[in-house]
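J.: What would the 3D arrangement of this be:
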Amino acid sequence: MTEAAAESYGPEVLERLERDAKEIISRYPKPRSALLPLLHLVQSEDGYVSQRGIEFCAEQLGITAAQVTGVSTFYTMYKRAPVGEYHVGVCINTLCAIMGGDQIWNELSEHVGVGHDQATEDGKVSLERIECNAACDFAPVMTVNWEFFDNMTPEKAKKLVDDLRQGKDVLPTRGATGLCTWKEASRVLAGFPDGRAGE
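T.: Predicted coordinates:
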């Protein structure tokens, strides 16, 4: 572990991350193949892929921080700045846009006062323009921490975000029976089940 990365994470966090990283890396025939889940792991800790997270991944895999950065900046699922506890994606691809996705984005962005990949001041919600949620049959579609909200309207979108900011229970239109936080979703994507896969 480099001194910079070791200083960035406290000893208890570092020990836990190293233990989890070893488990992730053991799943792959070549350590570098574990980079994507390791990025989710550090995102589950910091809420985004921080510089200390990049250095941690590089050290664990024996690659350079530049190589980790190249991968983390290529994929939109890895955030380079903090996002909200609930990251809201609005599909603005062709079908969703025609069905109202652009209007939803415009009204929702104005309603909460933030733009693409920006979080509200209270840290509860961030917004993202999604190019495709692969759910065209339910257009226009939104996601919250990767859970689906189908057949949305501007009014439903604004109520959803208001409810999230007020701490109300919000249920996806399909799939899980509730929402987890952004960090919890990132941990699941790193390969650590939350026991809710059957929902």
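J.: Going by C-alpha atoms from here, please, whenever you check contacts or count neighbours.
T.: Will do.
J.: hey, where'd the strands end up in this structure?
T.: In the chain, the segments counted as strands under DSSP state E are 86-91, 118-119, 125-130, 142-144, 147-149.
J.: mind checking which of the ones you listed is nearest Leu14?
T.: Comparison of those against Leu14 by C-alpha to C-alpha identifies strand 86-91 as nearest, at 25.3 Å.
J.: quick revisit: and the strands of the chain as CSV, adding distance to Tyr78 and mean pLDDT?
T.: As requested, the strands of the chain are exported to CSV (distance: least, C-alpha to C-alpha, whole Å; pLDDT from 0 to 100):
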stretch, distance to Tyr78, mean pLDDT
strand 86-91, 12, 96
strand 118-119, 14, 94
strand 125-130, 12, 95
strand 142-144, 15, 95
strand 147-149, 16, 94
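J.: Contacts only, for Phe138.
T.: Applying C-alpha atoms under 8 Å, 6 or more residues apart in numbering to Phe138 gives the contacts Asp150, Asn151.
J.: Over to the one 10 residues further on?
T.: If a contact means C-alpha under 8 Å, 6+ apart, then Phe148 has Val141, Met142, Pro172, Thr173, Arg174, Gly175 as its contacts.
J.: In contact with the third one, which residues?
T.: Taking C-alpha under 8 Å, 6+ apart as the contact definition, Pro172 lies against Glu147, Phe148, Phe149, Gly178, Leu179.
J.: The second one now?
T.: Met142 makes contact with Val88, Gly89, Val90, Cys91, Asn133, Phe148, Phe149, Asp150, Met152 under the criterion C-alpha under 8 Å, 6+ apart.
J.: Could you tell me how many residues sit around the residue nearest to Ala135 when sequence neighbours are not counted?
T.: Leaving out its chain neighbours, the residue that sits closest to Ala135 by C-alpha to C-alpha, 6 or more residues apart in numbering is Val141, at 6.9 Å. Neighbourhood size, Val141 [other C-alpha atoms under 10 Å]: 31.
J.: How about Asn151?
T.: The local packing of Asn151 (other C-alpha under 10 Å) involves 18 other residues.
J.: next one: Glu131
T.: Using other C-alpha under 10 Å, Glu131 has 14 other residues around it.
J.: could we number from 57 for the rest of this?
T.: Yep, numbering from 57; the last one is Glu187 now.
J.: Look up how far Ser89 lies from it.
T.: Applying C-alpha to C-alpha, to the nearest Å, the value for Glu187 to Ser89 is 26 Å.
J.: Which parts of the chain are helices?
T.: 59-64, 67-81, 91-102, 107-117, 121-130, 150-152, 158-168, 210-221, 238-245 (DSSP state H).
J.: Tabulate those helices (TSV), appending mean neighbour count.
T.: Below are these laid out as TSV (neighbours: other C-alpha atoms under 10 Å):
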stretch	mean neighbour count
helix 59-64	13
helix 67-81	15
helix 91-102	24
helix 107-117	22
helix 121-130	15
helix 150-152	20
helix 158-168	18
helix 210-221	17
helix 238-245	22
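J.: JSON lines for those helices, including distance to Arg136?
T.: Supplementary listing: these in JSON lines, determined by distance: least, C-alpha to C-alpha, whole Å:
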{"stretch": "helix 59-64", "distance to Arg136": "16"}
{"stretch": "helix 67-81", "distance to Arg136": "19"}
{"stretch": "helix 91-102", "distance to Arg136": "9"}
{"stretch": "helix 107-117", "distance to Arg136": "9"}
{"stretch": "helix 121-130", "distance to Arg136": "8"}
{"stretch": "helix 150-152", "distance to Arg136": "26"}
{"stretch": "helix 158-168", "distance to Arg136": "20"}
{"stretch": "helix 210-221", "distance to Arg136": "22"}
{"stretch": "helix 238-245", "distance to Arg136": "14"}
